[in-house]
Every structure is written in structure tokens, then in C-alpha cells.
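Asker: Predicted model follows, preceded by the sequence.
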Amino acid sequence: MRFFLLFISVLTTELIGVASAATHNEHFIPDAVLRVTEEERKQSCVPLKDILVVNGTSPGPTLKFTEGKTVWIRVYNDIAHQNLTMHWHGLTMATAPFSDGTPQASQWPIPPHHFFDYELHVPIGYAGTYFYHSHVGLQAISAAGPLIIEDKDTPPYNYDDDLIIFLQDVFEYSDEVLEEKLLAVPIAYQGSQEMVLINGKGSGIVSSELGKPCDDSLSVIDVEPGKTYRVRLIGGTALSFNLLAIEGHDTIKVIEADGAYTERHEVSLMQVSPGQRYSFLLDTLETPDKQYYYIQLESREFGNNTRSFAVLNYGPPQTESSPPVYPPASPPITLPQTDPNWLEYSLRPYNDSQNPTASINALDFPTAEEVTRRVNITSYLDFPNYGLLYKINGQTWKEDLVQEPFLVSLYKDGGSNWPSMERALQHDGLDPVTYAFPAVMGEVIEIVVQSTGTAFGTTETHPWHAHGAHYWDLGSGEGVYNREENEAKWRRSIGHPVKRDTTNIYMYGGQAPPGTLTAWRAWRLRINHPGVWMIHCHILPHMVWGMNSVSFYILRVIRHLQRYY
Ligand SMILES: *[C@@H]1O[C@H](CO)[C@@H](O)[C@H](O)[C@H]1NC(C)=O
Ligand SMILES: *[C@@H]1O[C@H](CO)[C@@H](O)[C@H](O)[C@H]1NC(C)=O
Ligand SMILES: *[C@@H]1O[C@H](CO)[C@@H](O)[C@H](O)[C@H]1NC(C)=O
Ligand SMILES: *[C@@H]1O[C@H](CO)[C@@H](O)[C@H](O)[C@H]1NC(C)=O
Ligand SMILES: *[C@@H]1O[C@H](CO)[C@@H](O)[C@H](O)[C@H]1NC(C)=O
């Protein structure tokens, strides 16, 4: 399922102004360089095959910048026969919509042996955990890496050190073969990920032959006793939805969700879907009674569940000569089923006048009274001729629908492919001619994402991701959204809506008649970030089914010139 929420702005002249002010000559030196290549690699639990790597590794190198700064990143496509883009997942790209890395929406893909310079302007208030990944086909399976935005001021929570847990799926086939199989009619692949990697390694129970162990070595994360760590958990998986807990460390405290600080919230385990990021505080044991404690990770929702591990190492720090560590004979933790209420209606935005920068995401919540318009985004999974196809609001987006990336058209001719608000208002917010959802600067929109029973009479879990400005997340539920009931639920709850960029619609019972509304997720958004922004389910196979056969563009048209930074 993939839609493009295209925030096209009538601010064309202003955008061009931004772009031309930064024309690069031969002396230009970017702040960072990433080079993407295709290499033959043996990853944990899957056969040797070609994968994409960034600067030679997957995950690629960690990029670190500071909020409030503007940096340029040069991305080289060194893959012989594939296009490439790079998306800075979670960053708003408010003043640089041409840097969002979405093929057909914000840019032409980078052809082989070319590079593209991306401008990242990171606004104040965006310190937190992000990742970068290609937005072409299934490339983000491995062409991805952590992106950390550091605080300009002292962070609002005390911790001794930072750790990263970056999750990725591995499949039996290369991206290209997998994409062919997914798009075949009839469909030629019904499997799921074979294993989920933690920081590039993983081992435990694979999915294809239930119960079969895989004994590759594990990632080792060095810790010291009696310290507090900020653990940055990044859901870089292509498909899998995961639960994670740490042996012997029963309480952890969530402090960040998708790049915004939250009030401290205690949990015993984490749930993380593709595209989501969380930080949690981990207090290490004062007197550990052994060297290694397992981090246990299990997939849920799609296919057979996989189980994988990494370890916290209380012993001497790992060196190249340290002995490898393997999965335990039996799992130390029993992880529950998915909880669709996990963190729902219970997080609060961090809000402390002593720390105004970290509290920015608590400001300006649009109340129900301020909402000027509602837009429904309703998905349906169809199965014509035994091939899979997602429909959004009944429309199917065909590959040749958009001849040129929307933003490129705008820069070139001022917007010939202009969506019509009049047509959109007659079609639940979607302009059926341009396949886009327009919006006007200053509107306050409630976006209600709705799931329906599939052609198979089943339901699915979908992590919905929005590019551009973060939305206020109004929660989720089974059945049909009712604003009054939901407002009342917030009044009763300990939480307050927080700003997010990736949140789930859950499958609940698992079965529903085809096409009936089954579940919803609601977001509220002030339209104040001009640009061309996609909204899509972050499960890569779903995007591929959308991209090549069904998805369409959503445009928000910004009609008023306005400057934000
Ligand atoms: C990636 O590799 C290039 C050289 O191939 C190097 O110049 C660059 O600094 C590397 N980037 C990072 C973030 O390590
Ligand atoms: C790369 O993108 C261009 C422009 O969209 C397209 O014409 C071309 O077929 C793509 N190449 C590959 C290998 O997908
Ligand atoms: C689940 O495991 C069974 C074997 O136990 C296997 O036949 C089946 O293909 C697996 N399903 C997926 C989706 O991998
Ligand atoms: C944050 O604190 C300010 C000042 O105390 C208050 O006005 C605002 O309502 C608070 N925001 C939230 C989301 O609690
Ligand atoms: C959105 O969907 C709901 C539930 O089906 C429906 O009642 C409402 O009229 C729709 N609103 C718009 C603006 O499409």
C-alpha cells in the first residue's frame, strides 16, 4: 500500500530560491558521503546472495548531526543496473522538499554511476532517532543505516551512553528476485522474512521451516554495570513486526517515540514495526551474575514467527579475538502476543519549562474544534487473477500515471499537474484526476486511515508512515472511528496525543468480510509544511504491490506563500 501525499506548493518561486541559493560548483564539499554498492554477502541464516550495502556494510554507517543545522549529504549510486534514492526517514524536509528521496514524488531516481546531493535542514525540536534508507523497490531491505540527530542543548534525560539496536529482515532471495516473485500473477512468494537481524547479525528460529534453529553468531553489545544507557531502537525491518525484551532487565523506560521526547513511561517489553523508532532508558545491573544477558526478539503478525537474539556483554569489551556468542538452548523469555493497546493513550509529550527545546513537541496540539476538514484513507487488498493488489479509496494507481515526479514538474513549469481542490472535495479528499490529496496552507486536517477486510476475508496489521510534518497521533481502534468517543477516551486516559510519523493499524480478530471497515488510526495535522509528501504503509512488499500496480498520489496544495524557517 503506498500513497504519495504530495504537498505541492504554489511557493514554487520560493522553493527555487532555496535551491538556487545552494548551487554547487566543483569546490563544493558535502558534510557526509554515502556510497551504495551491490555485493555478494553471506548474511545470518540465509544463503550467499547479492545485497545492497552502504559504504560496504548493512546497516550502513551511523550518521550524526545536530538539530538546528543544515547539512548536505552526497549519495552515490554505485550499483551497476539499478536506480537509487535515499530517504531520511522521519525528518520533515520542510525547507528542502527536493531532498525527501521519493522517486516519482520528490525526485527522479539517481541512475547508476551518478550522485545526488541531499540537503538536510534539521529544525530545532527534532533531536532523536531516525534512519536513512533507499525508497526504490525493496532496496531498503539492506540499503539503510541509523541517523541520529543530537540535541543542541543538554538532553532532558540523564544517561551515561548511547546504544543502537537496528533491526533488519533478511530473505532467502535477492531484492530483485523477491520483487519479481511478489509481483508475479499468480503471486510466486508467500513467505515472510527468514530472520530478523539485530545490528547486522541474528540467529535463533527461522520462518520457513518452523522450529528449525539457525546457529550463526550474535551481535554483542558492550555494557558496564550500574550505568544508564539510552537505547535507540530502530525498526528498519522490511516486513516484520517485532517484540523485544531483555533477560534480567524487566523494566525499561520509553523516553522518545519517532524523534520526539516523551515523558518517561515504564514498560517491560518493546513492540516495534517497520519505520518506527523508540528510545528507552536501560539501567544495567549493579552486580550481574553472568557475562551475557540475552536480548530476545520475536516477530508477530505475518508468516511464521521468527526468533532472534543479541547479547548485552557485561564482561571485557568485545575485540576481534573475543569468542563468538550463539543463541541459547532455550529462550530465556516468554514473549506475549501482540498487544494492540501497547503505548496507546498512555504516552505524553515531554513538557518541562526548564527544557524548552525538548518540549517543543508538546506545543500547538490542534483541538477537535480547530479541525477544518476530514480525509479518509481506506485500503483494500484485492487478489485479481491470483496476484496481489492494494486499492486506496477504490482507486488503482498505475505506474505510467505520473510521467514526471510531481516536484520536478513544479520546478519546471509551475505546476501543470495541479490537483483540484474542487474535485478532491467531491471524492473524500482525493482528486481522481491527479491521484492526489490536496491541502491548503493553514488547514487543520484529520486524516483517518481505515482498514477493510481483504479479498481473502482476513485483516492485517499495517504501520502507516507519513513523510513531511509529523502528525499528532489520535490513537487507534477496532471498527469505525468516532471522534466524540475518542475525545472522551483521551479525557479518561493518562496520556496526551504525541507527534509521530509511523503508527499502526492492528488486525484485531484477523477475519472480516471483504471490504468491510475493520479498524482505524486517526491523525491530526496542521498544514504548514509546503512540499510533496508521501503517506504509505511501511511494509516494503505492500509498497511494491502499491507502487507497481495500485498506489496513487496524494497532494496537498499549498496556495499561500509562507516561510517557516
Ligand atoms: C563512506 O565512504 C566514503 C568513501 O567511499 C567516505 O568518503 C565517507 O566518509 C564514508 N561515509 C561515512 C558516513 O562513513
Ligand atoms: C530508472 O528510472 C528511470 C526514470 O524513472 C526509468 O526510466 C528507468 O527505467 C529506471 N531504471 C531502472 C533500471 O529501473
Ligand atoms: C511456516 O513453516 C512451515 C513448516 O513448519 C512451512 O511449510 C511454511 O512454508 C512456513 N511459512 C512461511 C510463510 O514461511
Ligand atoms: C505543556 O506545558 C505548558 C505550560 O505549562 C502547557 O500550557 C501545555 O498545555 C502543556 N502541553 C501538554 C501537551 O501537556
Ligand atoms: C469517512 O469515512 C466515514 C466512515 O465510513 C464516513 O462516515 C465519512 O463520511 C467519511 N468522510 C469523508 C470526508 O470521506
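Answerer: Looks like it arrived, so ask away. Ligands and ions are numbered 1, 2, ... in the order given.
Asker: So which residues of the stretch 101-250 of the chain form helices?
Answerer: Counting by DSSP state H, counting those that start in this stretch, residue ranges of the helices within the stretch 101-250 of the chain are 175-183.
Asker: Residues of it that sit close to ligand 3?
Answerer: The interface of the stretch 101-250 of the chain toward ligand 3, taken as CB under 6 Å from any ligand atom, is made up of 190-192, 207-210. Backbone N, C-alpha and C define where each C-beta goes, glycine included.
Asker: Also the chain?
Answerer: Residues of the chain lying near ligand 3 by CB under 6 Å from any ligand atom: 190-192, 207-210, 303-304.
Asker: Turn these into TSV, columns for distance to Val498.
Answerer: Putting these into TSV (distance: CB to CB, whole Å) gives the following:
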residue	distance to Val498
Gln190	36
Gly191	35
Ser192	30
Ser207	33
Ser208	38
Glu209	40
Leu210	37
Gly303	30
Asn304	33
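Asker: Would you show me how to pick out the buried ones of these in ChimeraX?
Answerer: A single ChimeraX command is used to select the members of the residues of the chain next to ligand 3 judged buried by 16 or more other CB atoms under 10 Å:
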select :191,192,207,208,303,304
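Asker: from the residues of the chain next to ligand 3, which has minimum pLDDT?
Answerer: Among these, Leu210 has the lowest pLDDT, at 68.
Asker: before we move on, back to that, and of the residues of the stretch 101-250 of the chain next to ligand 3, the nearest to Phe131?
Answerer: Within the set of those, Ser192 lies nearest Phe131; the separation is 21.2 Å, counting by CB to CB.
Asker: need the contact list for the closest one.
Answerer: Ser192 is in contact with 207, 239-240, 299, 302-304, 306, counting by CB atoms under 8 Å, 6 or more residues apart in numbering.
Asker: Okay, helices next: where are they in the stretch 351-500 of the chain?
Answerer: 406-413, 421-425, 483-492.
Asker: So which bits of the longest one are buried?
Answerer: For helix 483-492, a neighbour-count test (16+ other CB under 10 Å) marks 486, 489 as buried.
Asker: which residues are contacting it?
Answerer: Here helix 483-492 makes contact (CB under 8 Å, 6+ apart) with 345, 368, 446, 474-475, 477, 496-497, 522.
Asker: do that again at 10 Å, thanks
Answerer: With contact meaning CB atoms under 10 Å, 6 or more residues apart in numbering, helix 483-492 is reached by 344-345, 367-368, 371, 374, 446, 448, 474-477, 482, 495-497, 520, 522.
Asker: Show me what residue of the stretch 301-450 of the chain gets nearest to ligand 1.
Answerer: Among all residues of the stretch 301-450 of the chain, Glu320 sits closest to ligand 1, at 19.9 Å; criterion: CB to the nearest ligand atom.
Asker: Would you mind giving me the confidence score for that residue?
Answerer: The predicted local confidence for Glu320 comes out at a pLDDT of 92.
Asker: can you give me phi and psi for it?
Answerer: Its backbone dihedrals place Glu320 at phi -60, psi -20, with angles given as degrees, to the nearest 10.
Asker: Show me the shaky parts of this protein.
Answerer: Scanning the chain for pLDDT under 70 picks out 1-23, 210, 396-401, 410-418, 546-565.
Asker: care to break it down by domain?
Answerer: The domain map for the chain lists 15-150, 161-313, 360-559, with the assignment taken from automatic domain parsing.
Asker: So Ile494 versus His265, what's the distance?
Answerer: Counting by CB to CB, to the nearest Å, the separation of Ile494 from His265 is 9 Å.
Asker: and these two? which has more neighbours close in?
Answerer: The residue with more neighbours, out of Ile494 and His265, is His265; 17 against 10, by other CB atoms under 10 Å.
Asker: Double-check that one against Glu344; I have them as touching.
Answerer: No - contact status for His265 versus Glu344: not in contact, 11.7 Å apart, counting by CB atoms under 10 Å.
Asker: Name the residues contacting each of the two.
Answerer: With the criterion set as CB under 10 Å, 6+ apart, the overlap between the contacts of His265 and Glu344 is Gly495.
Asker: sorry, back to before: state the distance from the residue of the stretch 301-450 of the chain closest to ligand 1 to ligand 2.
Answerer: Remark: distance between Glu320 and ligand 2 (CB to the nearest ligand atom, to the nearest Å) = 38 Å.
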